[in-house]
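In: Quick one, fold the following:
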Amino acid sequence: MARQNLHANRIKPQTSELLTLRVLRREQISPHFGRVTLGRGDVERFVPMGFDQWFRLFIPVSDGSLARAPQKLNTIALLRYLAVSKTERPALRNYSVRDFREDGPDGPELDVDFVLHGSAAEGTAGPAATWASTCTEDDPVAIIDEGVGFNPPDGLNRVRLVADESGLPAVAGILRSLPADATGEAIIEVPSEEDRQPLSGPDGVEVTWVVRPDHHDVPGRAALAAASALPLPGEPFYGWVVGEQNLPTGLRRHWVSQGVPKNHIMFCGYWRVGRSQ
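Out: Numbers count the residues shown, from 1 in each chain. From the prediction side, this is the model:
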């Protein structure tokens, strides 16, 4: 079975090019989330699209490694990138826009939220979480915009959004971008009560936070159980589900078995247990 349909249905940006930005600041916003705010550099060329806009993030691993990042990320460019030694090429990860402000004190600002698993000090965190915990002001980073995955069929104004903590930034972007008359539900799993975040969205979309009984449990299982137990609405809806691989594939399977048309579902495995983030 396909593991996602993000690329098939996404809305592509008008321009997708390598943009070099600088760290403006970083902060830990909750026990398991860090936020890095980017700006300066090429930020004026970034075009916000709202919803679950996502991008390729190139994290330097050594001085000069960002020079090995491709200007565009087509198949040939990706193969060339992968042919470079890991010690000489920047680490590559996918992230969502948590927020974008045109009028920051130093120009436009792009917020990126990172799930902080493991410990950077003890070497148990992945490269992205380590960078997010240790970067300092003016550190360089590069991104390539990939557009928006949230793309419901015309006429569907009811949504059901489901995610683990890795999808929380994207859910926040979707809620902020939905029309005021949208209705539906958003189910978001987080490791702890303290990881809940203030979210703005339509009054008709109910947000439910699912806190894992044990924050060491595999992410996504609690959200999958909660979303599967929720009765389907009596009207068509657009289902959007992301997170650890088993959450989107499992919930898509459940929705389809209940009669939800496949073209009414966007599902994407953002990550897989056992692989560093």
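In: can you list the weak-confidence ranges in the stretch 1-150 of the chain?
Out: Counting by pLDDT under 70, the stretch 1-150 of the chain has low-confidence residues at 1-4, 118-125.
In: Going along the chain, name the strands of it.
Out: Taking DSSP state E, counting those that start in this stretch, the strands of the stretch 1-150 of the chain run over residues 18-30, 33-39, 54-59, 91-96, 99-104, 107-115, 140-147.
In: and the most far-flung residue of the chain relative to its centre, helix, strand or coil?
Out: Outermost residue of the chain with respect to the C-alpha centroid, by Cα atoms, centre = their mean, is Gly234; its distance is 29.4 Å. Following DSSP: H, G, I helix; E, B strand; the rest coil, Gly234 is assigned to coil.
In: burial count for Ser200?
Out: 7 (other Cβ atoms under 10 Å). (Each C-beta comes from the backbone N, C-alpha and C, glycine too.)
In: what about the closest residue to it other than its chain neighbours, how many residues close to it?
Out: The shortest distance from Ser200 to any non-neighbouring residue, by Cβ to Cβ, 6 or more residues apart in numbering, is to Arg176 (5.7 Å). The tally of other residues near Arg176 (other Cβ under 10 Å) stands at 15.
In: try His32
Out: Neighbouring residues of His32 were enumerated by other Cβ under 10 Å; the total is 18.
In: What's the separation between it and His117?
Out: Distance of His32 to His117, computed by Cβ to Cβ, to the nearest Å: 7 Å.
In: Name the residues of stretch 97-116 that are buried.
Out: Residues of stretch 97-116 classed as buried by neighbour count (16 or more other Cβ atoms under 10 Å): 97-100, 104, 108-116.
In: what helix or strand does the residue nearest to Ser200 sit in?
Out: In the assignment (DSSP states H and E), Arg176 maps to helix 168-177.
In: Work out the gap between that helix and the centre of the chain.
Out: On the basis of Cα atoms, centre = their mean, to the nearest Å, the separation between the geometric centre of helix 168-177 and that of its chain is 9 Å.
In: Go through it and flag the buried ones.
Out: For helix 168-177, burial by neighbour count (16+ other Cβ under 10 Å) applies to Leu168, Pro169, Ala170, Val171, Ala172, Gly173, Ile174, Leu175, Ser177.
In: who touches the third one in this structure?
Out: By Cβ atoms under 8 Å, 6 or more residues apart in numbering, Ala170 lies in contact with Phe51, Asp52, Trp54, Ser96, Gly149, Ala163, Val242.
In: Ala226 versus the nearest residue to the second one once chain neighbours are set aside, what's the distance?
Out: Taking Cβ to Cβ, 6+ apart, and ignoring the residues beside it in sequence, Asp52 has Ala170 as its nearest neighbour in space, at 3.7 Å. The gap separating Ala170 from Ala226 is 18 Å, by Cβ to Cβ.
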